[in-house]
Structures are given as C-alpha cells and as structure tokens.
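Chemist: here you go, sequence then predicted model.
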There are 2 protein chains.
Amino acid sequence: MDSGKKYRETRQRKVILEELAKVTSHPSAEDVYEMVRRRLPRISLGTVYRNLEVLLETGKIQRLVSGASQMRFDGNAQPHCHVRCQRCGRIDDANLDELEAQLACLKEMGSVLARKTSFEIVGQSIEFVGLCPRCKKKR
Amino acid sequence: MDSGKKYRETRQRKVILEELAKVTSHPSAEDVYEMVRRRLPRISLGTVYRNLEVLLETGKIQRLVSGASQMRFDGNAQPHCHVRCQRCGRIDDANLDELEAQLACLKEMGSVLARKTSFEIVGQSIEFVGLCPRCKKKR
DNA sequence: GTGTCTGCAAACCATTTGCATCGGT
DNA sequence: ACCGATGCAAATGGTTTGCAGACAC
C-alpha cells in the first residue's frame, strides 16, 4: 500500500469499480464480493478487500465514516461534533460552544433530511475527517 | 437487550461510567477495560462490552459514528452526506443538491474546526443518525 | 427468591496476510 | 522479465455469546 506504487488495471479491479458505480446502495465488502462474483465467479474475497483498498487510495471510491475498525465511546452523551484523523485514528472533540450559527445550521440540515428521506433523525453524530497535527507533519 | 428490562446498578457498571466521565479522549472498549481494571482488577472484557451496550441504550454515553461493525463503500467519490439507520444499519444518501446554504455552512464548519483543532480537514464525511422509515414504524 | 449480571472461555465474523502462481506492462 | 495482483486458506483481532455461579432488588 505504498503511495509510490504503480497500480495495474486488472480485470478484477475494473469489474469491482464498475459494479460499485452501478449501485446507489452502500454495499459492504461482502456485498461487493457477491455482486462481482456474478461476473467473475473465481474471484476471491481477499482480492475484493485488496482492491477496495486500492480504489480508496486512488480516490475512485469512498469509504463511509469511521475508517477505524474499532468502535470508540464518549462519556459525554450530549450531541457534539468530532474530528477524526484519517491516518492515526485520533479523535478530538470539536468544541462548537461558540458556534451557535453552525449548530443551528446542523439542526436545520437534520430537519431537511428528515423530510427528504423520511428518516427520523435522532441525533447529529457528525465526524469531520482529516489529518491531525502530528500526521500532517510527517506526510 | 430488550427495552423492557430493568437494569441494575452494579459496581462494574458504575465504575465504567465514572471512568468514561473522567476522560475526554474517546476510548475504545479495550481502553475502557484497561481504565476500569485499575479499580476492578477482576472485571472481564465481556462485562465491559455488555455494559457499554447498556449505557448506550440508556443514553448515558455515546458511540461515535458508524454503529455498524462492517464497513460500507460508496462508488460516488464526491463528498456527500449520509443518513444511517441506528437500528438496521440501512444507509441513504442525503441529497444536498438543493441545499446550497447547508453545504456552505458545512464548509464553514470545516474551516472553523481546522482553525480550532489544528487538523487539516480533508473532507466532510458526515453521517446523520436516525431511524429509517421501516424501523420507525415497528418501534 | 427471581432474574439480571459477572467472569471465563469459546465462538463469531469482518478483515488481513502468507504464499505460490498468474498476468500486466 | 519484473513486480504487482490473484486465489486460497490460515491467521488476526474486535466483539459476542453460552454457561454456571454471584449479586442486586
């Protein structure tokens, strides 16, 4: 996964990307595996995982929030924002105390979404994703 | 995990909550285990997991975005918002096309955060959390 | 006393990895 | 021919679960 690697265009990689493009659901790796398998019956799950990683790295696809595989908990049950470091997983609180305007805006987004998607929004668990100061340096 | 259960206040549960309240980091279950173990050396990891679940359910603590344990991918590499169902994990796109105001607001939040936290914000991976139409009904 | 909770260990399941081989360039 | 990519299977690691005994109410 070195950034200095020249990736090849393999049949598998191409098909995975095509299948992902066809669909507006947000499939899991296993789902992608099933989708792709209809066209490449001999592909392996491992290959799917490896290719998803490459496609992420080359910006062709997106991984939904929470790149980290392990869950994190917060003793503060109040809804608030977080910033998560893409690279090391570090999470900071985003103090929004002084950001009345932004908070109001979030609330409004919530209600707009509720209307447009018929979801009942129970909270804004919002994470911005970025690079923390330390990882920023050593890039 | 039935919602019709009367939870008891056990020593373990209390200590876990206390330790979580002490701290502004966002510990993983394993981290919580280590923290609590200093006070209750015989507690087990399983107990920590079960109690975190209960504390979530009773709203005493919060779980950071992405309640689901498996990752989801998106063929659309453009930054956009999602709504995720707390109960069944279903994810919908939140079409923000018509929401110029909100999008602008998000951008501003990003830059405010960048300033306040010294993170370099690379994208707004935003998820609202709620109940999807189906799960809303059968609650 | 009843029914929840605990510790322990085994089970689970998504993801990762080692290895020999294959295939793109 | 080189080196990345694949298939397969085994390993990993976070989380869950079954069970017998302990504890809260």
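Modeler: Good, I have the coordinates.
Chemist: report the distance from the top helix by length along chain A to the chain centre.
Modeler: If you go by DSSP state H, chain A has its longest helix at helix A:100-117. From the chain centre to the centre of helix A:100-117 is a distance of 21 Å (CA atoms, centre = their mean, to the nearest Å).
Chemist: in it, which residues are buried?
Modeler: A:Gln102, A:Leu103, A:Cys105, A:Leu106, A:Met109, A:Gly110, A:Val112, A:Leu113, A:Lys116, A:Thr117 (16 or more other CB atoms under 10 Å in any protein chain shown). C-beta coordinates here come from the backbone N, C-alpha and C atoms, glycine included.
Chemist: which SSE is A:Tyr33 in?
Modeler: Remark: A:Tyr33 resides in helix A:29-37, with elements defined by DSSP states H and E.
Chemist: re earlier: pLDDT on the longest helix of chain A, on average?
Modeler: The pLDDT scores in helix A:100-117 average 76.
Chemist: pLDDT-wise, which helix or strand of chain A ranks last?
Modeler: Here the helix or strand of chain A ranked lowest by mean pLDDT, DSSP states H and E is strand A:73-74, holding a mean of 66.
Chemist: next SSE downstream of that strand?
Modeler: Sequence order places strand A:81-85 as the next helix or strand after strand A:73-74, per DSSP H and E.
Chemist: next SSE after that next one?
Modeler: strand A:91-94.
Chemist: that next one vs DNA strand D: in contact?
Modeler: No - Strand A:91-94 lies apart from DNA strand D when judged by CB under 7 Å from any atom of the strand; the minimum separation is 13.7 Å.
Chemist: who are the packing partners of the helix holding A:Tyr33?
Modeler: Judged by 3 or more CB pairs under 8 Å, 6 or more residues apart in numbering or on different chains; DSSP states H and E, the packing partners of helix A:29-37 are helix A:11-22, helix A:45-57.
Chemist: with just CA atoms, put the last one into CSV.
Modeler: Output in CSV follows, covering the C-alpha atoms of helix A:45-57 (Å, rounded to 0.1, in the frame of the first residue of the first chain):
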residue,chain,number,x,y,z
LEU,A,45,-12.9,-12.2,-1.1
GLY,A,46,-9.3,-11.3,-0.3
THR,A,47,-9.0,-9.8,-3.7
VAL,A,48,-12.1,-7.7,-3.2
TYR,A,49,-10.7,-6.3,0.0
ARG,A,50,-7.4,-5.5,-1.5
ASN,A,51,-9.0,-3.8,-4.4
LEU,A,52,-11.3,-1.8,-2.3
GLU,A,53,-8.3,-0.5,-0.5
VAL,A,54,-6.6,0.5,-3.7
LEU,A,55,-9.7,2.2,-5.1
LEU,A,56,-9.9,4.2,-1.9
GLU,A,57,-6.3,5.2,-2.1
